[in-house]
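**Q** only the shape, not the letters, is given here:
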């Protein structure tokens, strides 16, 4: 698989050992990104998912919607998520990503961060059904938020991206094996943000 994109926040060579990253801060034109944000905010079936945290079931600090092919059931934090059907705006976006990245996607997790209190804790996208070297294509819309990567064994190996409206970040290879990522809370005023992470789910790998 070839990822024909710049390799870090400024373009150039990747600097994180064991990670395969590609980043394009203006992947979508502004008008297209604006229209997509409005469509997704209105049309997706947003809900609060329940997750396991320190042995307890709690509300996730964001709104989410799992979209995908009929068999793309995703197991996360002890729960199975049945996919909602694709909407036209996401079908077109999936096709563009598949064409540019040369890899198939059968699902997308949409997260809506309503303000700076909504966040995503440290984790890796390493569930069995994603396979050993998953390609995760992350499209950001709306308010700019800070995205962090940190090596699992050596915390000194880390990177931060300010993910603007219309940006694309791709994580591939053994990134999920070696690194965790997070979207931390912020006290700064920030506009609502929608993040789309496209994935390929293999039901045969599910435990």
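**A** Right, received. Where do you want to start? Owing to the predicted nature of the structure, the values given are computational and were not obtained by experimental measurement.

**Q** what's the neighbour count on the nearest residue to residue 157 once chain neighbours are set aside?
**A** Setting aside the residues directly before and after it, residue 157 is nearest to residue 151 in space (CB to CB, 6 or more residues apart in numbering), at 3.7 Å. Yep, even glycine has a C-beta here, placed from its N, CA and C like the rest. Neighbouring residues of residue 151 were enumerated by other CB atoms under 10 Å; the total is 17.

**Q** pull the contacting residues for the closest residue to residue 105 other than its chain neighbours.
**A** Counting by CB to CB, 6+ apart, residue 105 lies nearest to residue 198, which is 4.2 Å off, once chain neighbours are set aside. Neighbouring residues of residue 198 by CB atoms under 8 Å, 6 or more residues apart in numbering: 93, 94, 97, 105, 107, 108, 136, 137, 138, 139.

**Q** and the helix or strand residue 198 falls within, which residues are buried?
**A** Residue 198 belongs to strand 193-199 when assigned by DSSP states H and E. The neighbour-count check on strand 193-199 (16 or more other CB atoms under 10 Å) flags 193, 194, 195, 196, 197, 198, 199 as buried.

**Q** who does that strand pair up with?
**A** Next to strand 193-199 in the sheet, as set by DSSP bridges, lie strand 107-113 (antiparallel), strand 136-142 (antiparallel).

**Q** tell me where the chain has strands.
**A** In the chain, the strands defined using DSSP state E lie at 20-24, 50-53, 56-59, 63-68, 74-76, 79-81, 107-113, 120-123, 136-142, 145-151, 158-163, 167-172, 179-183, 193-199.

**Q** what about the second one, average pLDDT?
**A** Per-residue pLDDT values over strand 50-53 give a mean of 63.
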